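*Asks:* any chance you can model this:
(one chain, ligands or ions: 1)
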Amino acid sequence: MTEEFIPYGRQWIDDKDIEAVTETLKSDYLTTGPKIQEFEDEFADYVDAKYAVAIANGTAALHAATYAAGIKEGDEVITTPLTFAATANSVLYQDAIPVFADVNPKTYNIDPESIKEKITEKTKAIIPVHYTGQPCEMDEIKEIAAENDLIIIEDGAHAVGATYKKQKIGSIGDMTTFSFHPVKNMTTGEGGMITTDSKKLYDKLMKFRTHGITKDESEYINKSDGSWYHEQQELGYNYRITDIQAALGITQLEKLDKFLDRRREIVNRYNQKFKEIDGLIIPEQLKKTNSAWHIYVLQLELDKLTGDRKEIFEALREKNLGVNVHYIPVYFHPYYQSLGYEKGICPNAEKLYKRIITIPLYPKMTDQQVDEVIKRIKSTINKYQK
Ligand SMILES: Cc1ncc(COP(=O)(O)O)c(C=O)c1O
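*Replies:* Next up is the predicted model:
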């Protein structure tokens, strides 16, 4: 194998990012300092939300959100199986029950009709995941939530910068969570954010991030003993992000729109080329959505091909393409199977799982690398066409 390895995702760090981190390392605060609030303010501003809470990672963001939503033992929360396990795990953390609704076979996002079918008197919340960066059908989901008195926690790990009917993801549901893992659209190394317009939820999230402790005298349950006094009022965690990470988040956020433009440019080129290849289905986009294009997922039209996904996936890896699969349906995992989930509950997601391959997409890709990816995929698929 002599061809250059091209990964499926990669961060873009420049000198400004490095300077910002270095400056914070030289400052008084490595954590619990001013960079965190600055990052939160700028992020809230970017997504048009009233409040933002920066947190250790996207998983902690989901955990904080299910906690703040008051999800508790016995409650049911509806989500998609086509997501990273962390989405559903955040329901289990609260001793509640994840219920999987099927996806729309065209958009791959949770299907509002399937959500309706899964609602019971125990349902408390919906966690739509904006898979690949394309927003879910939020009008329909909001209507279902309003009719059934459900909380909406959007998992926007893929969708920072995406819009639904020109509204930014992060400003629609009761809470939206984000991840800043290096393959995501912007990074802080590890990191996450929750946005909300509710002061009540914001206060709960802030407390949860720091052990359930408050230092705000106006909130004290008991009388203060003195200026050192603080109170743990709930059982929280240490889910804090550091100032070092927040400093990186600020400079990354400044570049986010540029990153998104480049992602969209690459996607346009991919779409043009891949739609002409027999045996490939390109990702369908709804007119009212503008995806953040975190990942680009090709679907194999298996009845037109001689090989299955595994064979084609391995052939692409042989060509030094860092292809991946997003995702194994969550309830296929042994842990979920041990909880009693059975295969067959979401047929569209299961069918898609057998047919999808994530191909390289990141803003720092050069035009030559994009053409290389197209060339290697084209020649591989050609070999398998019937
Ligand atoms: C859809 C989705 N939700 C949640 C997460 C969890 O984010 P993190 O890795 O920052 O904990 C991820 C990240 O992989 C994700 O893709």
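*Asks:* these two touch, right, residue 65 and residue 205?
*Replies:* Yes - look at residue 65 against residue 205 with CB atoms under 8 Å: they come within range, at 7.4 Å. No exception for glycine: its C-beta is placed from N, CA and C like everyone else's.
*Asks:* find the residues that touch each one of those two.
*Replies:* 175, 194 (CB atoms under 8 Å, 6 or more residues apart in numbering).
*Asks:* give me every residue in the stretch 101-250 of the chain lying close to the ligand.
*Replies:* Residues of the stretch 101-250 of the chain lying close to the ligand by CB under 6 Å from any ligand atom are 129, 155, 157-158, 179, 181, 192.
*Asks:* quick one on the thing from earlier: quick one, which of residue 65 and residue 205 is more surrounded?
*Replies:* Neighbour count, other CB atoms under 10 Å: between residue 65 and residue 205, residue 65 has more, with 31 against 25.
*Asks:* what strand or helix carries the more buried one?
*Replies:* helix 58-68 (DSSP states H and E).
*Asks:* for that helix, C-alpha coordinates in PDB please.
*Replies:* Taking C-alpha atoms only, helix 58-68 is exported to PDB below (Å, rounded to 0.1, in the frame of the first residue of the first chain):
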ATOM      1  CA  GLY A  58     -20.600  15.500  24.700                       C
ATOM      2  CA  THR A  59     -21.500  12.500  26.800                       C
ATOM      3  CA  ALA A  60     -21.500  14.600  30.000                       C
ATOM      4  CA  ALA A  61     -23.600  17.200  28.100                       C
ATOM      5  CA  LEU A  62     -26.200  14.500  27.500                       C
ATOM      6  CA  HIS A  63     -26.000  13.300  31.100                       C
ATOM      7  CA  ALA A  64     -26.500  16.800  32.400                       C
ATOM      8  CA  ALA A  65     -29.400  17.300  30.100                       C
ATOM      9  CA  THR A  66     -31.300  14.100  31.100                       C
ATOM     10  CA  TYR A  67     -30.600  15.100  34.700                       C
ATOM     11  CA  ALA A  68     -31.800  18.700  34.300                       C
END
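*Asks:* who touches that helix?
*Replies:* So helix 58-68 is contacted by 53, 55, 77, 86-87, 89-91, 93-94, 96, 125, 127, 153, 155, 157, 175, 177-181, 184, 191-194, 201, 204-205, 208-209, 237, 239 (CB under 8 Å, 6+ apart).
*Asks:* just the ones in strands from these, please.
*Replies:* 53, 55, 77, 125, 127, 153, 155, 175, 177-179, 192-194 (DSSP state E).
*Asks:* and which of those is nearest the ligand?
*Replies:* The closest of the ones in strands among the contacts of helix 58-68 to the ligand turns out to be residue 179 (CB to the nearest ligand atom; 3.3 Å).
*Asks:* what's around residue 351, how many residues?
*Replies:* Residue 351, neighbours per other CB under 10 Å, totals 15.
*Asks:* I misspoke; the intended subject was residue 314.
*Replies:* If we define neighbours as other CB under 10 Å, then residue 314 has 12 of them.
*Asks:* next one: residue 44
*Replies:* Neighbours of residue 44 under the rule other CB under 10 Å: 21.
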